[in-house]
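> Curious how this folds, go ahead:
(one chain, ligands or ions: 2)
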Amino acid sequence: MEKLLIQGNGPLLGSVQISGAKNAALPLLMASLLTDEPCTFTNVPALRDVKTSLDLLQRLGAGVKSTGDKVIIDAGHISNLVAPYELVKTMRASILVLGPLLAKHGEAQVSLPGGCAIGARPVNLHLAGLERMGAEIDVDAGYITARVNGRLQGARIFMDMVSVGATENLMMAAVLAEGETILENAAREPEIVDLADCLNSMGAKVTGAGTDNIRIQGVSALKGCAHSVLPDRIETGTFLVAAAMTGGKVRCEKAAAHTLEAVIAKLREAGAEVTTGQDWIELDMQGRTLSSVNIKTAPHPGFPTDMQAQFVALNSVAQGTGVVTETIFENRFMHVPELQRMGARIDLEANSAVCRGNSALTGAQVMATDLRASASLVIAGLVAEGETLVDRIYHLDRGYEKIEIKLGALGAKIRRVN
Ligand SMILES: CC(=O)N[C@H]1[C@@H](OP(=O)(O)OP(=O)(O)OC[C@H]2O[C@@H](n3ccc(=O)[nH]c3=O)[C@H](O)[C@@H]2O)O[C@H](CO)[C@@H](O)[C@@H]1O
Ligand SMILES: C=C(OP(=O)(O)O)C(=O)O
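Ligands and ions are numbered 1, 2, ... in the order given. Okay, here's the model as predicted:
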């Protein structure tokens with residue numbers, strides 16, 4: 001099993017190209033199921049989750065051509081409406097085929113994603129919304145079976161929790177439904193706006209994406225698209241935190257500052273100088289003091305849960321105490337015991353991590369448990385004294401493109417070992 005070996009050393013310096021966002025790319029790829037015409041996506045990151053999505057689309061009968069960061073999907077001849085357990089279990093976002101398949105083909109069978117390291121992550125909101133649109137849904141033997149007689153019907157759907165995935169699934173189902181769908185208490189993440197922009201370029205009528213009230217006027221058919229995937233705000237944030245922790249200066253190119261406002265505000269509060277331009281963000285921590293910050297995760301535009309672990313690592317080495325509170329997932333502090341093994345002084349109290357700061361981290365063998373937990377261990381390794389060996393990095397490969405190469409180019413001593 002592959003691992004990352006990191007030797008803590010000096011500041012990160014230089015510039016890094018940010019990849020397309022995993023969380024934008026996955027729903028966009030699934031949206032290609034809504035049309036018989038080819039869809040071309042560019043700025044698609046080379047990630048394990050993208051590969052899983054393309055495998056799933058091929059399993060359903062779609063044609064897939066992939067060169068560099070460009071992917072062309074032709075879902076004009078879908079022959080199978082089943083998303084099997086062996087693919088869904090490796091990537092929860094597989095549930096996003098449910099809405100498009102049901103809307104376009106009137107039927108779909110998708111394995112239940114099940115729980116995962118960070119929490120139970122049920123899909124009740126996805127299913128309740130589709131039922132409101134006229135679908136009949138059965139859950140049996142670990143599979144969701146959804147059917148509709150004729151077209152889905154537009155509906156007013158209030159979601160009692162803010163869910164990114166449910167908003168995306170229901171938005172994709174609604175674009176081909178008959179009549180108007182209104183999604184209330186919708187998620188407002190930038191990736192939802194990216195999906196709505198792409199759907200509109202295919203002929204859909206979606207308004208209000210980026211607000212908590214999305215209106216979708218159903219159409220009878222969609223055409224193909226050519227769409228460039230939004231930059232990855234979580235990858236960007238991870239590099240900015242790494243630059244801050246190492247006292248370096250890093251410029252993230254091909255980044256989107258408007259998607260990262262809460263994170264940039266916290267980095268400035270922590271003492272970093274952050275400057276932004278049209279498609280870049282630069283963080284300078286040279287000669288400055290890193291201070292702990294208090295954080296509470298929340299749906300966008302609040303502080304993203306996917307940046308929580310990285311800030312726990314940051315607070316561990318910063319001056320003073322910082323309290324990090326997780327409100328989205330019930331079990332998203334798996335990185336804490338591993339960071340403690342590296343010497344971080346953190347106390348877990350209910351859904352908060354109280355980071356005492358000023359820790360002199362030392363390298364250790366640590367275990368990645370989920371995607372962002374892995375990222376926090378890697379950036380802790382960059383500032384630790386001695387060698388850190390991060391095991392189970394297949395989690396990291398789900399969401400970070402060439403992380404060791406990108407960090408290496410900024411001066412980090414990091415390599416992949418078997
Ligand atoms: C591929 C992708 O885009 N993944 C992101 C997406 O995941 P995902 O879309 O799975 O996360 P959700 O926004 O749906 O989850 C938010 C909360 O709602 C709960 N919930 C969700 C659906 C549901 O039917 N019932 C329910 O109770 C979840 O358990 C969780 O506690 O948003 C999360 C929250 O920003 C991010 O951490 C993930 O990186
Ligand atoms: C939790 C994450 O992703 P997923 O929803 O794909 O598990 C993440 O990107 O941090």
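
> How about the residues of this structure by ligand 1?
Neighbours of ligand 1 within the chain, by C-beta under 6 Å from any ligand atom: 23, 26, 92-93, 119-126, 161, 163-166, 187, 305-306, 328-329. Placement of C-beta: from N, CA and C, glycine included.

> Out of the residues you listed, which end up buried?
Neighbour-count burial (16 or more other C-beta atoms under 10 Å) applied to those gives 23, 26, 92-93, 121, 123, 125-126, 163-166, 187, 305-306, 328-329.

> By proximity to ligand 1, which residue of the protein wins?
Taking C-beta to the nearest ligand atom as the measure, the point where the chain comes nearest ligand 1 is residue 165, at 2.8 Å.

> That residue and residue 394, how far apart?
With distances taken as C-beta to C-beta, to the nearest Å, residue 165 is found 22 Å from residue 394.

> Repeat that for residue 240.
Counting by C-beta to C-beta, the gap from residue 240 to residue 394 is 25 Å.

> Among those two, which residue is more densely surrounded?
More neighbours surround residue 240 than the other of residue 240 and residue 394, with 28 against 14 (other C-beta atoms under 10 Å).

> Tell me the secondary structure at that one.
helix (DSSP: H, G, I helix; E, B strand; the rest coil).

> Wait, it touches residue 283, no?
Yes - if you go by C-beta atoms under 8 Å, residue 240 and residue 283 touch, sitting 4.8 Å apart.

> Now the common contact residues for those two.
The contact sets of residue 240 and residue 283 overlap at 250, 252, 267, 272, 274 (C-beta atoms under 8 Å, 6 or more residues apart in numbering).

> which ones among the residues you listed are found in helices?
If you go by DSSP state H, the shared contacts of residue 240 and residue 283 have residue 267 in helices.

> Now do the same for the residue of the chain found nearest ligand 2: its pLDDT.
As assessed by C-beta to the nearest ligand atom, ligand 2 sits closest to residue 306 within the chain, at 4.0 Å. pLDDT recorded at residue 306 is 98.

> quick one on the thing from earlier: and the residue of the chain closest to ligand 1, helix, strand or coil?
Quick answer, by three-state DSSP: residue 165 is helix.

> OK, contacts around it?
92, 93, 95, 96, 123, 126.

> Around residue 71, how many other residues sit close by?
So residue 71, with other C-beta under 10 Å, has 24 neighbours.

> is it true that it touches residue 65?
Yes - using C-beta under 8 Å, residue 71 is in contact with residue 65, at 7.2 Å.

> Would you map the helices across the stretch 251-400 of the chain?
261-269, 308-317, 335-341, 371-383, 394-399 (DSSP state H, counting those that start in this stretch).

> okay, these in a markdown table with distance to ligand 2 next?
Putting those into a markdown table (distance: least, C-beta to the nearest ligand atom, whole Å) gives the following:
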| stretch | distance to ligand 2 |
| --- | --- |
| helix 261-269 | 14 |
| helix 308-317 | 9 |
| helix 335-341 | 12 |
| helix 371-383 | 5 |
| helix 394-399 | 5 |
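
> now those helices in TSV, with distance to residue 206?
Formatted as TSV, the helices of the stretch 251-400 of the chain follow (distance: least, C-beta to C-beta, whole Å):
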stretch	distance to residue 206
helix 261-269	23
helix 308-317	30
helix 335-341	36
helix 371-383	28
helix 394-399	26
